[in-house]
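Student: Take a look and give me a structure for this.
(chains A and B)
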2 protein chains.
Amino acid sequence: MTNKQSHVPHDVRMQGFARRHTVQAALDWLDAQLHQLDAEDVPLRQAAGRVLVGPVASSVDIPGFDRGTMDGYAVVADCTEGATPYNRIPLKVVGNALPGSPFTGSVARGEAVRIMTGAPMPGGSDAVLPAEFVEACTGDATAAASSAPDSVVALATVSPGKNVGPRGEDIVAGTTVLESQRRLRPQDLGVMSSIGLSAARVVRRPRVRLVITGNELLPSGSAPHGFQITDANGPMLAALAERDGGIVDFPGLVRDEADAILAGLEADADVVIVSGGSSVGVEDLAPMLVARHGELVVHGIAMRPSSPTGLGTIGDRLIFLLPGNPVSALCAYDFFAGRAIRVLGGRPAQWPYRAVRGTLTRKISSPIGRLDYARVRLEDGHVEPLSVGGASVLSSTTRADGFVIVGDDSEGFPAGAGVDVWLYA
Amino acid sequence: MTNKQSHVPHDVRMQGFARRHTVQAALDWLDAQLHQLDAEDVPLRQAAGRVLVGPVASSVDIPGFDRGTMDGYAVVADCTEGATPYNRIPLKVVGNALPGSPFTGSVARGEAVRIMTGAPMPGGSDAVLPAEFVEACTGDATAAASSAPDSVVALATVSPGKNVGPRGEDIVAGTTVLESQRRLRPQDLGVMSSIGLSAARVVRRPRVRLVITGNELLPSGSAPHGFQITDANGPMLAALAERDGGIVDFPGLVRDEADAILAGLEADADVVIVSGGSSVGVEDLAPMLVARHGELVVHGIAMRPSSPTGLGTIGDRLIFLLPGNPVSALCAYDFFAGRAIRVLGGRPAQWPYRAVRGTLTRKISSPIGRLDYARVRLEDGHVEPLSVGGASVLSSTTRADGFVIVGDDSEGFPAGAGVDVWLYA
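Tutor: Numbers count the residues shown, from 1 in each chain, chains lettered A, B, ... in the order given. A predicted model of the protein is given here:
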């Protein structure tokens, strides 16, 4: 491997980063690279949560016909004029109208068609007299026996249009029913289905390649033994990237060898996330490879954890070099890679975490010039910073309910301060 | 079909429900039926968002060895005692320790092993002297060339244990790392992987059968034409049930025929959701079938929309009879079916919607004794009730940002009132 590293400037090895970018500078560069991916058509059944490209307009009226909105009798409204329990107006029942079995004839004056909610209004009728205002003439207890009586009496007056849902009541043809960039909800799929669509035009999901490096790693599913540790970052990053809408390609661990890492960096993907080997040590191949085959724009960020994070591009791919320490990897994902995946996929850049307000039980200190990502517990509004040794303590992120950010212009917060806690989801 | 309906009491046909249950009574019955489903093992890679059954304890220490937490030189700490830039203490470099390639020998007094962050501490060493406090003796610009120098000088003192992450620093064997009933986060999968697990024991996902009835319906993907309408409920309910953790079986539309509906009601499922034919009209077969083949416990609920909702059981299946009107179906799903799916799957019963506070721009009225589910728009904290004709206006739920609940003990809210808006997700 020695020859592969011969291009490393001698003076950066183990000497740390020449200078660290601020988090804001790194985000500014990143945001300038991010543009929503192109569109694809997906079946409605798979479209929930996807982001619409272009508005959806209806080419049809919904409903496509006038329909009854009550169970009762479809009538010519003005034939019921003056009807009361003491002025019973007889109507001849000429048929039935059901949603799945409309009445195909026409209703004349003095006639009625028994109608169920949702059924098309029979021709000639213009109102529905609800069942409770109708009595059967046959002397039945009800006018609503399964076989309708031959004639009924109206006990009340209805005005034209009463209990009728007109054609286009829900949607008029030509109306935009959903705006572009909307994240599709279950009911949106219902509306799209009802206007006859079978697919949705949505933002393509970003393809995310994971390159998990580290010769000390055993694949997930192995018991750690000796000096080997079992990969935590692969399963974690895969779940994070999928949560943010990515399609994850994680073909397995990658040896700390330039050819293997480069193959990952040049994978057919929109985003490549490398974990491990992101710093400036002799084993840290990834930054050199990005610099050589693409552009390593940001390397070293004034934050804790995750300071050895690198950002760059190779061709059209966005490259994220995450430290191998799992907490650093999580933090760098949260700040940079997750944001990219969300925006490429049409989602908001913001964290998918909810922020709640709480009161610190102990101070959090952080030097000016460095942003800190402090894991905390939250109980009854009390925010307790977790005392954690290092970025390698992944269990701190499972013990934590979320994190508090200390900006790089702040020295931290005293005990008793009100802070925003971002709750892990 | 007439003979199939002969058991319907004559006096309920088209006469409405004998009495309506309160929403609370319906929920009380439902909650008494709900118990978390049994457990299953799923690969970690599929376990994000699933609900853990039983705690997860580690059988191993993480890390399983002492490791360096800085790049530098592993030394016997007290050999650096008194070292300063003006009292340079020479150390003989005897090897390299990398995370994937530990130093297998032992460090004696006066010796040092070059070590990278995360590498196992060499035998005999008890501290890491950071690279910036070391200078190469060879006169190189740095002591950190890719082939380490033969000897270095310490420019600072380290105390024993300094820059060492002890075995078990992250997790001590025997520790519970995740509690039962936890909904698994991405980083939890990382921790589970790191302790050697390949699978998670989680609550089984509820199997949900959709029975979408209505002879007037065309399957999703068809253009509505004539008096036929295209199914909105199937795609909507499938997406809702999947959002809440269900595994959906939706084999297609079901005719308004008793045998076909019964086959759905008796499907191999934990939950059966029927849409359409849930009321008391002659076409409404589902309630009679549930009453005949199981128990129809709740039928008719004092709410709007969704009053014709029915709840019951057939064998071990929970049956939800939802009105065919899409808004009613959505509301009844939100109140009853979704709650059941979430709880069966180990999730909280509560809505997965976020509530925000806003101020009504217009009054919402609702009679005492009836709960109302009012769709609203929310803009800059202003809550505008949507004027919607009927429950069939599904587009009201896409125009709406969420809904406001008016309890059955309330007559509603005046303009200017502060209300909770549940935001559709």
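
Student: can you map out the strands along the stretch 301-425 of chain A?
Tutor: For the stretch 301-425 of chain A, strands defined by DSSP state E, counting those that start in this stretch occupy the ranges A:303-304, A:310-314, A:317-322, A:354-360, A:364-365, A:371-379, A:382-385, A:402-406, A:412-413, A:418-423.

Student: Looking at the ones you listed, spot the one closest to chain B.
Tutor: Nearest to chain B, of all these, is strand A:354-360, at 7.5 Å by Cβ to the nearest Cβ. Where C-beta positions appear, they are placed from N, C-alpha and C, glycine not excepted.

Student: which helices and strands sit right next to that closest one?
Tutor: Applying 3 or more Cβ pairs under 8 Å, 6 or more residues apart in numbering or on different chains; DSSP states H and E, we find strand A:354-360 packed against strand A:382-385, strand A:418-423.

Student: Quick check: which of the ones you listed is buried the most?
Tutor: strand A:382-385 (a mean of 19; mean count of other Cβ atoms under 10 Å in any protein chain shown).

Student: any idea of the mean pLDDT for that one?
Tutor: On average, the pLDDT along strand A:382-385 is 96.

Student: One more: stretch A:125-134?
Tutor: Stretch A:125-134 comes out at a mean pLDDT of 96.

Student: How about stretch A:279-290?
Tutor: On average, stretch A:279-290 scores 84.

Student: in that stretch, what counts as buried?
Tutor: Within stretch A:279-290, the residues scored as buried using 16 or more other Cβ atoms under 10 Å in any protein chain shown are A:279-290.

Student: Need the nearest residue in space to whichever residue of the stretch 101-250 of chain A sits closest to chain B, chain neighbours excluded.
Tutor: Proximity of the stretch 101-250 of chain A to chain B (Cβ to the nearest Cβ) peaks at A:N215, 2.5 Å away. Distances taken as Cβ to Cβ, 6 or more residues apart in numbering or on different chains put B:G100 closest to A:N215, at 2.5 Å, once the chain neighbours are dropped.

Student: where does the stretch 51-200 of chain A have low pLDDT?
Tutor: Within the stretch 51-200 of chain A, the segments meeting pLDDT under 70 span A:138-148.

Student: And whichever residue of it sits closest to chain B, how far from B:A286?
Tutor: Nearest to chain B in the stretch 51-200 of chain A, going by Cβ to the nearest Cβ, is A:G100, at a distance of 2.5 Å. A:G100 sits 15 Å away from B:A286, going by Cβ to Cβ, to the nearest Å.

Student: any idea how far the residue minimising distance to the centre of chain A lies from B:E242?
Tutor: Note on chain A: the residue nearest the mean C-alpha position is A:G49, at 4.4 Å, using Cα atoms, centre = their mean. A:G49 sits at a distance of 10 Å from B:E242 (criterion: Cβ to Cβ).

Student: so which strand or helix has A:W29?
Tutor: Applying DSSP states H and E as the criterion places A:W29 in helix A:23-33.

Student: how about the CA coordinates for whichever helix or strand comes after that helix, as PDB?
Tutor: On the C-terminal side of helix A:23-33, the closest following helix or strand by DSSP H and E is strand A:39-43. The C-alpha trace of strand A:39-43 is given here as PDB (Å, rounded to 0.1, in the frame of the first residue of the first chain):
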ATOM      1  CA  ALA A  39     -39.000  12.600 -12.400                       C
ATOM      2  CA  GLU A  40     -40.200   9.100 -12.800                       C
ATOM      3  CA  ASP A  41     -43.700   7.500 -13.000                       C
ATOM      4  CA  VAL A  42     -44.600   5.100 -10.200                       C
ATOM      5  CA  PRO A  43     -47.800   3.200  -9.700                       C
END
